[in-house]
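> turn this into a model:
(chains A and B)
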Amino acid sequence: MTELTASTAEEKALNFIEQIVEEDLRAGKHGGRVLTRFPPEPNGYLHIGHAKSICLNFGVAQKYGGGTNLRFDDTNPVTEDTEYVESIKNDVQWLGFHWKEERYASDYFDKLYELATLLVQKGLAYVDDLPAEQMATLKGTPTEPGTNSPYRNRTVTENLELFEGMKNGQFAEGSRTLRAKIDMAAPNMLLRDPILYRIKFAHHHRTGDKWCIYPMYDFAHGQSDAIEQITHSICTMEFVPHRDLYDWCIENLGIFPSKQYEFSRLNLSYTVMSKRKLLQLVNDAHVKSWDDPRMPTLSGMRRRGYTPQAVRGFCERIGITKNENLIDVGLLEFCVREHLNKIALRRMVVLDPLKVVITNYPETQLEICHSENNPEDPESGTREVLFGRELYIEREDFMENPPKNFFRLAVGKMVRLKSAYIIQCNEVLKDTDGNVTELRCSYVENSKSSQDTSGINVKGTLHWVAAQTALPVEVRLYDRLFQVENPSAEEGDFKDYLNPNSLQVITAYAEPALQTDAADAKIQFMRKGYFYKDSDSTPDKLVFNRTVGLKDNWAKVATKA
RNA sequence: UGGCUGAUGGUGUAAUGGCAGCACAGAAGUUUUUGGUACUUUUAGUUGAGGUUCGAGUCCUUGUCGGCCAACCA
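Numbers count the residues shown, from 1 in each chain, chains lettered A, B, ... in the order given. Sure thing, here's the model as predicted:
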């Protein structure tokens, strides 16, 4: 059995990154060592797109007996903060991965400065006094070559002095930069004398006020990889043009030859995935916070009740390629249901109550029924639920004029109340507006679950709660954040396409067990969906987030009719 | 108009010159005290045109279409 699973696992096709790693291993590269890194910038929260990268980086290393460093790419002190560092570490751990070492690009600022000096000495970098606007003009366009800066031919000595002056805070912010001397006519715009260092009198979350010059991404990332001796530096496709620079630095600095490989980032339907846009949603209060359950952030998904297993399973299924993609959010939801179905406790909660009176049941009697906690897991045992004369059922489980294939309640029809009795509806009570206010039913005395001798077969089974014991709870029903599949691809502002009904708050009536269930229990409200207790809950008022609804075939049938 | 990069069912992903497969979604059915789960069956695909080859999704030529690149962001 184990052998079978092992061989099936081996049969799963390798993605192109794994193929590269296997080739390198076969060739004996780096002595068979594999070391990757996950390099977030601590300027926002991690989202499901990062999860794809995390699973790839940690997954590949794990698979080939290597390790993964967690490295914060903290070279821009203006936008970065320790708050983000903590959330990122928390999210990576939540996903179930363990980094080999925790590093920061800022750990290497001294070394980076030294390397920059080396470049200057080799005549491959110079200090430029051009203001930003003029530099942009001289840069040219993709179709027209740029023009050399008038400062391009300063002597090594002068450059060395000026660069040191930059470091010592002798020049104003923005007044000077250190640039690589490559080729202002290069077809790749990034090779047109890219900026290596800029002056910023900003407080850094780790180095404080030690530095007033900070390296750019291109002069920090590859070098950090080299310092850590990363063997495979995996990033997303936007960085493909940077690879030329990455390799240029390694070659001219003579440092460890890490290699960069690119895969395409994840796009998910009905949401946005850029930190800039997510930050806007938070700042403009379209959502409550970074961990709002509607957000595609890992913290949002965690709060919503998604599990790490589900997220990892999703990342496994979507694969790794260089193709532009837009993954159906339905696939994510499938993965969530798949896991939750196996582990969630079943509970009965009525979201939209309709009162039912069992007219032939004693007034004050409450009767114990037993119901399984999870039919998928025999180990999970059973719990007690109380049956009584007055109950609530779901309003949508009753119809006055039902179609022939409606298996639920209607006048004259019978249904099973889950884990309790079969009942028959005898009468409908309405208010003056004609709204149904109450159902009068009778129960079949010898039809109790597990001791049913009635011989009656019913098509439908409903969830219910006894009115007397019903616990009111707040339930937050979430819908997709946006109304269109790909908000970023639409005309105008992406925020114009927000779904105004992405959150609906209701009061539901729950069986009492919910009160004592563990705070982090994953729960299925039977026939409705998976729910998870929100951190806003208090002892007086429980709050539940709908993680995802159950697949609902009846809804499909009903809308078709 | 330059450079880079990509194109396989509705979506995502396999195939490494040799039977186009898998998953999600869709459809039909079986089971079911959740119209859930499970199980069975099924619809649907190689970007166009040429070429090489016994044989092309794969190699070559040439179109078409998508994405990325002109922050002192990463």
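
> contacting residues around A:V240?
A:E262 (Cβ atoms under 8 Å, 6 or more residues apart in numbering). Just so you know, the C-beta spots here come from the backbone N, C-alpha and C atoms, and that holds for glycine as well.

> that one - that's part of a helix, no?
Yes - counting by DSSP: H, G, I helix; E, B strand; the rest coil, one finds A:V240 located in a helix.

> from A:L14, how far off is it?
A:V240 sits 21 Å away from A:L14, going by Cβ to Cβ, to the nearest Å.

> cool, and A:L124?
39 Å.

> near RNA strand B, which residues of the stretch 401-550 of chain A show up?
A:405-408, A:416, A:418-419, A:447-450, A:452, A:460-463, A:489, A:524, A:526-527, A:550 (Cβ under 7 Å from any atom of the strand).

> how about 6 Å then?
In this structure, the stretch 401-550 of chain A approaches RNA strand B at residues A:405-408, A:416, A:418-419, A:449-450, A:452, A:460-461, A:524, A:526-527, A:550, judged by Cβ under 6 Å from any atom of the strand.

> pull the most distant pair out of those residues.
Maximum pairwise distance among those (Cβ to Cβ): 28.1 Å, between A:N405 and A:S450.

> coming back round to it: who's more crowded, A:L124 and A:L14?
A:L124 (17 against 14; other Cβ atoms under 10 Å).

> what's the mean pLDDT across stretch A:101-115?
Averaging pLDDT along stretch A:101-115 gives 98.

> stretch A:165-179 now?
98.

> over to stretch A:144-160?
Rounded mean pLDDT across stretch A:144-160 is 97.

> from the rest of the structure, what touches it?
In contact with stretch A:144-160 (Cβ under 8 Å, 6+ apart) are residues A:117, A:120-121, A:123, A:125-130, A:135, A:138-140, A:162, A:179, A:181, A:184-185, A:192-193.

> out of those residues, which touch RNA strand B?
Answer for the contacts of stretch A:144-160 near RNA strand B (Cβ under 6 Å from any atom of the strand): A:135, A:139.

> just the ones in helices from the contacts of stretch A:144-160, please.
Using DSSP state H, the members of the contacts of stretch A:144-160 that fall in helices are A:117, A:120-121, A:135, A:138, A:162.

> please indicate which of those residues are buried?
Among the ones in helices among the contacts of stretch A:144-160, those scoring as buried are A:117, A:120, A:135, A:138, A:162 (criterion: 16 or more other Cβ atoms under 10 Å).

> first-to-last residue distance for stretch A:222-242?
This stretch, stretch A:222-242, spans 10 Å end to end (Cα to Cα, to the nearest Å).

> does that stretch come close to RNA strand B?
Yes - using Cβ under 6 Å from any atom of the strand, stretch A:222-242 reaches RNA strand B at A:238, A:240-241.

> for A:E390, which residues are in contact?
A:E390 touches A:355-358, A:466-468, counting by Cβ under 8 Å, 6+ apart.

> whatever residue of the stretch 351-500 of chain A ends up closest to RNA strand B: how many residues sit nearby?
Nearest residue of the stretch 351-500 of chain A to RNA strand B, counting by Cβ to the nearest atom of the strand: A:S449, 2.8 Å away. If you count neighbours by other Cβ under 10 Å, A:S449 ends up with 17.

> I'd say it and A:A420 touch.
Yes - between A:S449 and A:A420 there is a contact at 6.0 Å, judged by Cβ atoms under 8 Å.

> which neighbours do those two share?
Joint contacts of A:S449 and A:A420 (Cβ under 8 Å, 6+ apart) are A:C369.

> quick one, which of A:N405 and A:S450 is more surrounded?
A:N405 (10 against 7).

> SS state for that one?
Under three-state DSSP, A:N405 comes out as coil.

> same check on A:R303?
A:R303 ends up helix, using three-state DSSP.

> and it, how far from A:L245?
From A:R303 to A:L245 the distance is 39 Å (Cβ to Cβ).

> likewise for A:G49?
24 Å.

> which of those two has more residues huddled nearby?
Remark: of A:G49 and A:L245, A:L245 carries more neighbours, 24 against 18, as counted by other Cβ under 10 Å.

> tell me where the stretch 101-250 of chain A has helices.
Remark: helices assigned in the stretch 101-250 of chain A by DSSP state H, counting those that start in this stretch are A:109-121, A:132-138, A:156-167, A:217-228, A:243-253.

> also the stretch 301-450 of chain A?
Using DSSP H, counting those that start in this stretch, helices in the stretch 301-450 of chain A cover A:308-318, A:329-343.
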